[in-house]
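A.B. asks: Model the structure of this input:
(chains A and B)
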Amino acid sequence: MKVILDKYQLQLTIQRLTHQLMEDHGDFSDTILIGIQPRGIFLADRIVDYIRKTYPSKDIHYGKMDITFYRDDIRKELHVANQTDIPFSLEARKVVLIDDVLYTGRTIRAALDALLAFGRPEKVELCVLINRRFRRQLPIQPDYCGKSIDSIVSEKVKVEWENEQVVLY
Amino acid sequence: MQLSIKHLLGIKDLIPQDIRLILSTAKQFKEVLQRPIKKVPTLRDTTIINLFYENSTRTRISFELAEKRLSADTINFSASASSVSKGETLLDTVNNVLSMKVDMVVIRHAASGAPHFLAKHIPAAIINAGDGINEHPTQALLDAYSIEERIGSLEGKKIVLVGDIMHSRVALSNIYLLKKMGAEVMVAGPPTLMPKYIEEALQVKVEYNLQKALQWCDVANILRIQLERQSQVLFSSLREYNLSYGVSRKLLDSINKEIVIMHPGPINRGVEIDSDVADSHQSIILQQVENGVAVRMAVLYLLSGKTS
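C.D. replies: Just a heads-up that it's a prediction; the model follows:
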């Protein structure tokens, strides 16, 4: 097992991602942040906390999305659905999807499909903590990336939020 | 997490984890139904037939809507407009339908055990939408969902089923489900509509005095008098039934707490329940109907993985 990001690096990386989002989205008045269930929520929660501390008077729009019903592999395995909570229209807003690890790209494909049920966003961006560069199965790339890593198929990447580290094993 | 069953034939076959999984999945589908676009592509590769050998409004529309919201292809079959009237057997009808590549069968039939019979003979996933006087599992699931939505976990709650217990498949499914989820169950109604030995067989309380039953409970599920299934006279008149076992505003005012009122429909207004009760804020009858679609979506989704 190899530690890719330790506690301190993880904290720095999340702060950098948040600052990059702030640079591009100003005070977030026109932007909706959406964490992807289940594991993207941990990253999204931290980013949103940080933004809210920076702009305490602003109303930051933050939603959670579950993509279970949009998966392309439900014949292989049934997944348990998590809560979706997007109490606002995405029509003509900027949307940032937030997930922990980008690998095959299929989760994001499903998320793009799911987004359309909530309106037609002006623009959709993707923010991930870890980008596993090889073995992408769809033409999807992140706009904000914490760390890119090169790993082989048999290896797994896990963000351990409880230990605050990212490991490769 | 998966269901322990391949078909939904009755609540009797479910384990509590199955019920929990269906109810929690239904909650997510209920959110889907609040969206501007109330449809998900989940079952776009699945074909479902709704075989209705018995009349139905709510259940058939609810299943059909659930299937469409899941993007499944649906076929509707009603016995009166089919070759059943030419003498085709149930098994032949279903086998013919399946040869046209149908993945799931939703069946309602007047004969108790018809879905169980089909499950033994055909490979598709079967969902019981009511069989005779046996079970109506999706109704019990949506009742449970609606109760939990209104007053929280079923555990320890007191629920009374009122009326025609003998002929009600809703009653039997509800009793199984509520007992499995740790609720206390009472049945109340006239002795002629109460099955013998129900107290011993299903471990439920029996009460013949409606006011006492309502005083005891948190939730009263009022059942319809099923005149179509009664071959002999079991009470003297609908008016007399209403006077002794109809839930009226006056009766509800006479108990010192506010209980939740449910009814699986169709309502005989002025017989088992009065209009001012059915339409009051205590009643969750329309929420039951609304939740029915989400619960059926959950059942279809969770069973769809079981077909190959």
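A.B. asks: Alpha carbons only: can I get stretch B:77-90 in PDB?
C.D. replies: What follows is stretch B:77-90, C-alpha atoms only, in PDB (Å, rounded to 0.1, in the frame of the first residue of the first chain):
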ATOM      1  CA  PHE B  77     -53.700  -7.000 -21.000                       C
ATOM      2  CA  SER B  78     -57.100  -7.200 -19.600                       C
ATOM      3  CA  ALA B  79     -58.900 -10.600 -19.600                       C
ATOM      4  CA  SER B  80     -62.200  -9.300 -20.900                       C
ATOM      5  CA  ALA B  81     -60.700  -8.100 -24.200                       C
ATOM      6  CA  SER B  82     -58.500 -11.200 -24.900                       C
ATOM      7  CA  SER B  83     -58.500 -14.800 -26.000                       C
ATOM      8  CA  VAL B  84     -59.200 -15.800 -22.400                       C
ATOM      9  CA  SER B  85     -62.800 -15.500 -23.400                       C
ATOM     10  CA  LYS B  86     -62.100 -18.100 -26.100                       C
ATOM     11  CA  GLY B  87     -61.000 -20.500 -23.500                       C
ATOM     12  CA  GLU B  88     -57.200 -20.100 -23.400                       C
ATOM     13  CA  THR B  89     -55.600 -21.200 -20.100                       C
ATOM     14  CA  LEU B  90     -53.500 -18.800 -17.900                       C
END
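A.B. asks: in the helix or strand of chain B with the lowest mean pLDDT, what's buried?
C.D. replies: When the helices and strands of chain B are scored by mean pLDDT, DSSP states H and E, helix B:90-98 comes last with a mean of 87. Neighbour-count burial for helix B:90-98, counted by 16 or more other Cβ atoms under 10 Å in any protein chain shown, picks out B:L90, B:T93, B:V94, B:V97, B:L98. Every C-beta, even on glycine, is put in place using the N, C-alpha and C of the backbone.
A.B. asks: Where does pLDDT dip in chain B?
C.D. replies: B:306-308 (pLDDT under 70).
A.B. asks: Point out the residues in it that sit beside chain A.
C.D. replies: B:1-2, B:21, B:24-25, B:27-29, B:31-32, B:35-37, B:39-42, B:45, B:70, B:301-302, B:304-305 (Cβ under 8 Å from any Cβ of the partner chain).
A.B. asks: Where do the helices of chain A begin and end?
C.D. replies: A:7-25, A:40-54, A:106-115 (DSSP state H).
A.B. asks: How far off centre is the helix or strand where B:Q211 lies?
C.D. replies: Element membership for B:Q211 (DSSP states H and E) is helix B:210-216. Centroid displacement of helix B:210-216 relative to its chain, using Cα atoms, centre = their mean, to the nearest Å, is 23 Å.
A.B. asks: Next, the buried residues of that helix.
C.D. replies: For helix B:210-216, using 16+ other Cβ under 10 Å, the buried residues are B:L210, B:A213, B:L214, B:W216.
A.B. asks: which residues in the stretch 1-150 of chain B form helices?
C.D. replies: Listed in chain order, the helices of the stretch 1-150 of chain B (DSSP state H, counting those that start in this stretch) span B:16-32, B:58-69, B:90-98, B:114-121, B:137-151.
A.B. asks: Show me which residues of chain A sit near chain B.
C.D. replies: Residues of chain A lying near chain B (Cβ under 8 Å from any Cβ): A:66, A:68-71, A:74-75, A:77-78, A:80-85, A:89, A:113-114, A:116-119.
A.B. asks: how about 7 Å then?
C.D. replies: Proximity of chain A to chain B, by Cβ under 7 Å from any Cβ of the partner chain, involves residues A:66, A:69-70, A:74, A:78, A:80-81, A:83-84, A:113, A:117-119.
A.B. asks: coming back round to it: for PyMOL, write the select line for the buried members of the residues of chain B next to chain A.
C.D. replies: Here is the PyMOL command that selects the buried residues among the residues of chain B next to chain A (16+ other Cβ under 10 Å):
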select buried, chain B and resi 21+24+25+27+28+29+32+40+41+42+70+301+302+304+305
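A.B. asks: give the contact list for B:E199.
C.D. replies: For B:E199, the contacting residues are B:V206, by Cβ atoms under 7 Å, 6 or more residues apart in numbering or on different chains.
A.B. asks: before we move on, the earlier item: distance from the least confident helix or strand of chain B to the middle of the chain?
C.D. replies: Per Cα atoms, centre = their mean, the centroid offset for helix B:90-98 relative to its chain is 25 Å.
A.B. asks: what do you get for stretch B:68-85?
C.D. replies: Using Cα atoms, centre = their mean, the offset of stretch B:68-85 from its chain centre is 20 Å.
A.B. asks: Can you tell me what sits against that stretch?
C.D. replies: Residues contacting stretch B:68-85 (Cβ under 7 Å, 6+ apart): B:33, B:38-44, B:46-53, B:64, B:67, B:93, B:293, B:297, B:300-301.
A.B. asks: what about B:A188, how many neighbours?
C.D. replies: For B:A188, the neighbour count with other Cβ atoms under 10 Å in any protein chain shown is 25.
A.B. asks: who's in contact with the nearest residue to it once chain neighbours are set aside?
C.D. replies: Distance criterion Cβ to Cβ, 6 or more residues apart in numbering or on different chains; nearest residue to B:A188, sequence neighbours excluded, is B:A213 at 3.7 Å. Applying Cβ under 7 Å, 6+ apart to B:A213 gives the contacts B:V160, B:V162, B:M186, B:A188, B:E207.
A.B. asks: ok, so of the buried residues of helix B:90-98, who is nearest A:L5?
C.D. replies: B:L98 (53.4 Å; Cβ to Cβ).
A.B. asks: how far away is the closest one from B:I48?
C.D. replies: 12 Å (Cβ to Cβ, to the nearest Å).
A.B. asks: Also A:R132?
C.D. replies: Taking Cβ to Cβ, one finds A:R132 at 38 Å from B:I48.
A.B. asks: Pick out whichever of those two has more residues nearby.
C.D. replies: B:I48 (26 against 21).
A.B. asks: Could you give the number of residues near the nearest residue to that one once chain neighbours are set aside?
C.D. replies: Nearest non-adjacent residue to B:I48, counting by Cβ to Cβ, 6+ apart: B:M104, 4.5 Å away. Number of residues near B:M104 (other Cβ under 10 Å) recorded here: 24.
A.B. asks: Hmm, B:P123 and B:M104 touching each other?
C.D. replies: No: look at B:M104 against B:P123 with Cβ atoms under 7 Å: they stay out of range, at 10.8 Å.
A.B. asks: Scan chain B for its longest helix.
C.D. replies: helix B:285-304.
A.B. asks: Counting by contacts, list what that helix packs against.
C.D. replies: Where contact means 3 or more Cβ pairs under 7 Å, 6 or more residues apart in numbering or on different chains; DSSP states H and E, helix B:285-304 is packed against helix B:16-32, helix B:58-69, strand B:104-109, strand B:125-131, helix B:137-151.
A.B. asks: Ok, which of those comes nearest B:K86?
C.D. replies: Using Cβ to Cβ, those put strand B:104-109 closest to B:K86, at 17.9 Å.
A.B. asks: Contacts for that closest one, please.
C.D. replies: With Cβ under 7 Å, 6+ apart as the criterion, strand B:104-109 contacts B:46, B:48-54, B:56, B:59, B:63, B:94, B:114-115, B:118, B:124-132, B:300, B:303-304, B:307.
A.B. asks: Any quick ChimeraX command for the buried ones out of the residues you listed?
C.D. replies: Applied in ChimeraX, the following selects the buried portion of these according to 16+ other Cβ under 10 Å:
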select /B:46,48,49,50,51,52,53,54,56,59,63,94,114,115,118,124,125,126,127,128,129,130,131,132,300,303,304
